[in-house]
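> coordinates only, no sequence provided:
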């Protein structure tokens, strides 16, 4: 045999082996030696945004409002949904096809169905740990931001356990035991002793002082929030619920996004273990109960500004962050009908105050001149029909699906009739809600799931076994 031929034949299997090895290395990189860093199994930073009462149509109407009137996008849609995962969550309670906020938030926070009215308590009476309690056990810092009272059902369900959501003082006391690093919102009335004006406690406990003894910095206005420092902060910016964005005193009361920014600053400082931050906009639900489309849109826009801060954070730490945006339930069944145009959005934009503020200005016994003057000043271009004016003057509720306050109901009906933004009712509905997820573990929230799965996925990401 020709020696050169023999050498070529002997080299052929070796060449094939080398080629195969190179191919395998391309598709299946070797695990020995230097390698690219892998994404962590668990997120270090977790944001949970809850648009209380916010449905898909609430979000969509706000998106159209932003696009047509302000040439702006919506972070929830343009960033979180487009870059991440989208799913739907059921909302029913253990004892009803329609949930209240406490049962829905308990499902999101604890992973079990609850009866309406129960906070952090499963339908069988079991008191489970919440995702926030487990996060704290792992060494993460925890924070709660809301424009409701901090003891309201949604934030309370992530931090406490009571059989009845109206046990406000007990919920506040449980916050003191849990010691979240950041607690911002309304509800000062349950933190001050009964001897002080505005208190609704039944005892003489000064809970603000008790928090301060545990090392908390306390602030009560926007300026104080901008300057607050330290490892722990308590901010109570109103006696009860904070204002609608339409009515907010911007010199005194911080917005939801401003509270979120402050919480981020406080939770990040010197933090090596990460955090879980809950941000709730309760005003979306309150606006739905009042059939107040103008307030709803402005508060949903503010909610989206807060989400934008989390998205900016995610861009800095994409391999360590999970951003979740969802709702506990839908309120009102809002939708456009009758082929409205941008003109109707412009009319909504012209409304200057919330319907609750309008009712407050008119008082309990409004007269006709005051009603007409209020409409002319704050609802420019709208016309109150004789029937709706009579409902206000004679304090007549329009029907069982309308708000119980006749002034609020009549003004809401006026707005609906002239903007084609209609409501099914002033209550909660059984509609599923969306969940948008971006970052580490986002794929778990894709698809149609029960709201209890939301907490189960978080427990799994935190390393807690069922």
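Sure, I can see it. This one's a predicted model, so the numbers in the text were calculated from it and none came from an experiment.

> low-confidence stretches in the chain?
Along the chain, segments meeting pLDDT under 70 span 1-40, 465-466.

> and the strands in it?
Remark: strands assigned in the chain by DSSP state E are 45-51, 85-89, 141-149, 182-186, 217-219, 233-236, 275-281, 321-326, 335-336, 421-422, 433-439, 447-449.

> got the ones you listed as CSV, with distance to residue 57 and mean neighbour count columns?
For the C-beta atoms, the positions are set from N, CA and C on the backbone; glycine is no exception. Output for those, formatted as CSV (distance: least, CB to CB, whole Å; neighbours: other CB atoms under 10 Å):
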stretch, distance to residue 57, mean neighbour count
strand 45-51, 12, 27
strand 85-89, 14, 20
strand 141-149, 21, 27
strand 182-186, 26, 26
strand 217-219, 36, 18
strand 233-236, 32, 26
strand 275-281, 16, 27
strand 321-326, 15, 26
strand 335-336, 5, 16
strand 421-422, 10, 22
strand 433-439, 11, 24
strand 447-449, 18, 14
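
> mind putting those strands into a markdown table with distance to residue 380?
Shown next, in a markdown table, are the strands of the chain (distance: least, CB to CB, whole Å):
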| stretch | distance to residue 380 |
| --- | --- |
| strand 45-51 | 29 |
| strand 85-89 | 38 |
| strand 141-149 | 27 |
| strand 182-186 | 30 |
| strand 217-219 | 37 |
| strand 233-236 | 35 |
| strand 275-281 | 27 |
| strand 321-326 | 34 |
| strand 335-336 | 21 |
| strand 421-422 | 17 |
| strand 433-439 | 34 |
| strand 447-449 | 44 |
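
> can you give me the buried ones in stretch 198-214?
With burial defined by 16 or more other CB atoms under 10 Å, the residues of stretch 198-214 counted as buried are 199, 201, 205, 206, 207, 208, 211.

> count of neighbours near residue 463?
Neighbours of residue 463 under the rule other CB atoms under 10 Å: 10.

> what sits against the residue lying closest to it once chain neighbours are set aside?
Distance criterion CB to CB, 6 or more residues apart in numbering; nearest residue to residue 463, sequence neighbours excluded, is residue 42 at 6.1 Å. Applying CB atoms under 8 Å, 6 or more residues apart in numbering, we find residue 42 in contact with 440, 441, 461, 462, 463.

> which of the residues you listed fall in helices?
Members of the contacts of residue 42 lying in helices (criterion: DSSP state H): residue 461.

> between the contacts of residue 42, which sits nearest residue 382?
Residue 382 has its nearest neighbour among the contacts of residue 42 in residue 441, at 47.0 Å by CB to CB.

> what's the neighbour count on that closest one?
21.

> list the contacts of it.
42, 43, 322, 457, 461.

> that one and residue 458: what is the separation?
8 Å (CB to CB, to the nearest Å).

> got it, and residue 335?
Taken as CB to CB, the span from residue 335 to residue 458 is 31 Å.

> do the same with residue 71
36 Å.

> settle it for me: which of the two has more neighbours?
A side-by-side neighbour count of residue 71 and residue 458, using other CB under 10 Å, places residue 458 first with 27 against 7.

> surely that one meets residue 131?
Yes. Between residue 458 and residue 131 a contact is recorded at 4.4 Å, counting by CB atoms under 8 Å.

> next up, the contacts around the residue lying closest to residue 444 once chain neighbours are set aside.
Excluding the flanking residues, the one nearest residue 444 by CB to CB, 6+ apart is residue 457, at 4.2 Å. Going by CB under 8 Å, 6+ apart, residue 457 touches 441, 444, 445.

> go on, residue 221?
Taking CB under 8 Å, 6+ apart as the test, what residue 221 contacts is 237, 252, 253, 254.

> can you lay out those as a markdown table showing neighbour count and distance to residue 152?
Formatted as a markdown table, the entries for the contacts of residue 221 read as follows, by neighbours: other CB atoms under 10 Å; distance: CB to CB, whole Å:
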| residue | neighbour count | distance to residue 152 |
| --- | --- | --- |
| 237 | 23 | 14 |
| 252 | 13 | 21 |
| 253 | 20 | 17 |
| 254 | 25 | 17 |
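
> and which of the residues you listed is nearest to residue 146?
residue 237 (10.5 Å).

> any idea how far residue 452 is from the residue lying closest to that closest one once chain neighbours are set aside?
In this structure, residue 237 finds its nearest non-sequential neighbour in residue 253, 5.4 Å apart by CB to CB, 6+ apart. According to CB to CB, residue 253 and residue 452 sit 35 Å apart.

> cool, residue 77 as well?
Applying CB to CB to residue 77 and residue 452 gives a distance of 26 Å.

> before we move on, what about residue 189?
32 Å.

> likewise for residue 260?
26 Å.

> same question for residue 171.
Distance from residue 171 to residue 452, by CB to CB: 22 Å.

> residues in contact with the closest residue to residue 122 other than its chain neighbours?
Nearest residue to residue 122 in three dimensions, chain neighbours excluded: residue 112, at 3.8 Å (CB to CB, 6+ apart). Going by CB under 8 Å, 6+ apart, residue 112 touches 106, 122, 123, 126, 128, 452.

> circling back to that earlier point, residue 171 and residue 452: which has the busier surroundings?
Higher neighbour count among residue 171 and residue 452: residue 171, with 27 against 19, using other CB under 10 Å.

> the more buried one reaches residue 162, doesn't it?
Yes. With contacts counted by CB under 8 Å, residue 171 reaches residue 162, the gap being 6.0 Å.

> between the two, what contacts are shared?
119, 156.

> burial check on the spatially closest residue to residue 390 that is not a sequence neighbour, number of neighbours?
Nearest residue to residue 390 in three dimensions, chain neighbours excluded: residue 396, at 7.1 Å (CB to CB, 6+ apart). Under the neighbour criterion other CB under 10 Å, residue 396 is assigned a count of 14.

> settle this for me: residue 396 is touching residue 406, isn't it.
Yes. Here residue 396 lies in contact with residue 406, judged by CB under 8 Å, at a distance of 5.7 Å.

> before we move on, the earlier item: how much space between the residue nearest to residue 237 and residue 224?
Residue 253 is 11 Å from residue 224, by CB to CB.

> so what sits against both of those two?
With CB under 8 Å, 6+ apart as the test, residue 253 and residue 224 reach no residue in common.

> next up, the contacts around the residue nearest to residue 308 when sequence neighbours are not counted.
Leaving aside its chain neighbours, residue 308 sits nearest to residue 75 (4.3 Å; criterion: CB to CB, 6+ apart). Counting by CB under 8 Å, 6+ apart, residue 75 touches 304, 305, 307, 308, 311.

> out of those residues, who's nearest residue 331?
residue 304 (17.8 Å).

> count the residues that sit near that closest one.
29.

> now do residue 446
14.

> wait, it touches residue 88, no?
No. At 9.7 Å, residue 446 does not count as touching residue 88 under the criterion of CB under 8 Å.

> so which of the contacts of residue 75 wins on neighbours?
Neighbour-wise, these (other CB under 10 Å) top out at residue 304, 29 neighbours.
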